[in-house]
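**Student:** I'll drop the sequence and a predicted model, then ask my questions.
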Amino acid sequence: MDAFFNFLFGTRAGVAILFIGGIALFALVAFLSERKTRKLYVDRGPKSDKDDDGWGGLFG
């Protein structure tokens, strides 16, 4: 087990594996959270002109 941790934290390849693994983990969590949120808040279709949110004059 000591050799494993020495590889991960003591070599460039090990640090690269930790870095890429962290990015992959966060991407997986973001993907799963997005799927759960999309199921919870269903898309209500395209926005019509009368659905003005008050920001149209400033940003649109």
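**Tutor:** The structure has been received and is ready for your questions.
**Student:** need the longest helix for the protein.
**Tutor:** Taking DSSP state H as the criterion, the chain has its longest helix at helix 12-40.
**Student:** what is that one packed up against?
**Tutor:** Helices and strands touching helix 12-40, by 3 or more CB pairs under 8 Å, 6 or more residues apart in numbering; DSSP states H and E, are helix 2-10. Yep, even glycine has a C-beta here, placed from its N, CA and C like the rest.
**Student:** what about the protein, any weak spots by pLDDT?
**Tutor:** 44-45, 47-60 (pLDDT under 70).
**Student:** now do the contacts for the residue most central in space within the chain.
**Tutor:** Centroid check for the chain by CA atoms, centre = their mean gives Ala30 as the closest residue, at 3.3 Å. Ala30 makes contact with no residue under the criterion CB atoms under 8 Å, 6 or more residues apart in numbering.
**Student:** Arg18 against Phe7, yeah?
**Tutor:** Check again: residue 18 is Leu, not Arg. No - taking contacts as CB atoms under 8 Å, Leu18 lies outside contact range of Phe7: 10.3 Å.
**Student:** overlap in contacts, the two.
**Tutor:** Taking CB under 8 Å, 6+ apart as the contact rule, Leu18 and Phe7 touch no residue in common.
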